[in-house]
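1. Fold the following for me, if possible:
(one chain, ligands or ions: 1)
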Amino acid sequence: MEQTLVRDDKIWVRVAAVTDIPLLGARVVETASGKPVALFRTGALKVLAVLDRCPHKAGPLSQGLVHGERVTCPLHSWQIDLNNGEAVAPDVGCAKSFVVLQDADSVYLLADDLK
Ligand code: FES
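-> Alright, predicted model coming up:
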């Protein structure tokens, strides 16, 4: 059964344990409609989430190299800012980003984003 919590009048769904996500790596979860959401662990506990589709040619960002709060796409090396999904200049484009709620153990996404 999925774990949910209510905070700030929003429903959040637990999607992973923080430790399920490799440090400086990613884990992919799917929305109900099958969209892949990549959860990136950028620091000891910090997790950021963007759609697992590069805005260039849909490369799997979850397989890229995480550095700081960016990921380098494995296909053509665009850099994506994991805070907002924006490509770093001179490249232009944006992957959808997701709001993450986390505590020391768990990572939550908004129930509305998981539809
Ligand atoms: S598909 Fe990501 S850089 Fe080309």
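2. May I ask which helix or strand encompasses A38?
-> Taking DSSP states H and E as the criterion, A38 maps to strand 36-41.
3. what about that strand and the ligand, touching?
-> No - judged by Cβ under 6 Å from any ligand atom, strand 36-41 stays clear of the ligand, getting no closer than 12.6 Å. Yep, even glycine has a C-beta here, placed from its N, CA and C like the rest.
4. For the residue nearest the centre of the chain, give the beta-bridge partners.
-> Residue closest to the average C-alpha location in the chain (Cα atoms, centre = their mean): A49, at 1.7 Å. A49 forms beta bridges with L39, F98, as assigned by DSSP bridges.
5. isn't it right up against V100?
-> Yes - A49 is within contact range of V100, at 5.1 Å (criterion: Cβ atoms under 8 Å).
6. Look up the residues that both of these two are in contact with.
-> Each of 39, 109 lies in contact with both A49 and V100 under the rule Cβ atoms under 8 Å, 6 or more residues apart in numbering.
7. surely F98 meets V107?
-> No - at 10.5 Å, F98 and V107 do not qualify as touching, with contact defined as Cβ under 8 Å.
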